[in-house]
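1. please work out how this folds:
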Amino acid sequence: MRDLDLAKQALKERNLSLVIVKAGKTLFESSCSGVRGLLQAIEALDKGLRESSVADRVVGRAAALLLASAQAREVYAAIISVEGLKVLEKNNIPVEHSMLVPMILDREGKNICPFEKFSSTIESLDRAYKQLKAFAENTGMQG
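-> Now for the predicted structure:
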């Protein structure tokens, strides 16, 4: 079974929000909502995330920037925003998704997600992780 299929299967069967698989082994799992799990994965795995297959419940522009900067090999998103898809495609990361939405909304579903909004000004993959991590810490939000 492909790494991406393993990650997708674990995401769905175990009701996780993030699963990272590489060479047939699960490297990271999280049930945290938002980008918090992805920020934790990047901290824990660092360069080990390169060439990994990632299944994530929700991928907005912020998550896509983090995945591109971490050099993920391929991504599955249950829900992906148009801007998130553009970032992954621009960085030649193959992506599968179940639902494409105009934007990721906040938890109440009324406004654009603060991370989606904040990430709209980030262009540099080299600085994306530091900027998003600082935003999460400074606002007390964890995605």
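
2. burial of the closest residue in space to Leu125 that isn't next to it in sequence, as a residue count?
-> Once flanking residues are discounted, Leu125 sits nearest to Ser69: 4.2 Å by Cβ to Cβ, 6 or more residues apart in numbering. For every residue, glycine as well, the C-beta is placed using N, CA and C. Counted with other Cβ atoms under 10 Å, the neighbours of Ser69 add up to 21.

3. now do the strands in the protein.
-> With DSSP state E as the criterion, the chain has strands at 18-22, 25-30, 53-59, 74-81, 95-101.

4. which outside residues touch the third one?
-> Going back to what we said before, that points to strand 53-59. Strand 53-59 is contacted by residues 2-4, 6-8, 10-11, 16-22, 34, 38, 63, 67, 72-81, 84, 88, 95, 97, 104 when judged by Cβ atoms under 8 Å, 6 or more residues apart in numbering.

5. ok, the shortest one next?
-> Residues from elsewhere that reach strand 18-22, judged by Cβ under 8 Å, 6+ apart: 3-4, 6-8, 10-11, 26-30, 32, 37-38, 41, 45, 48-49, 51-57, 72.
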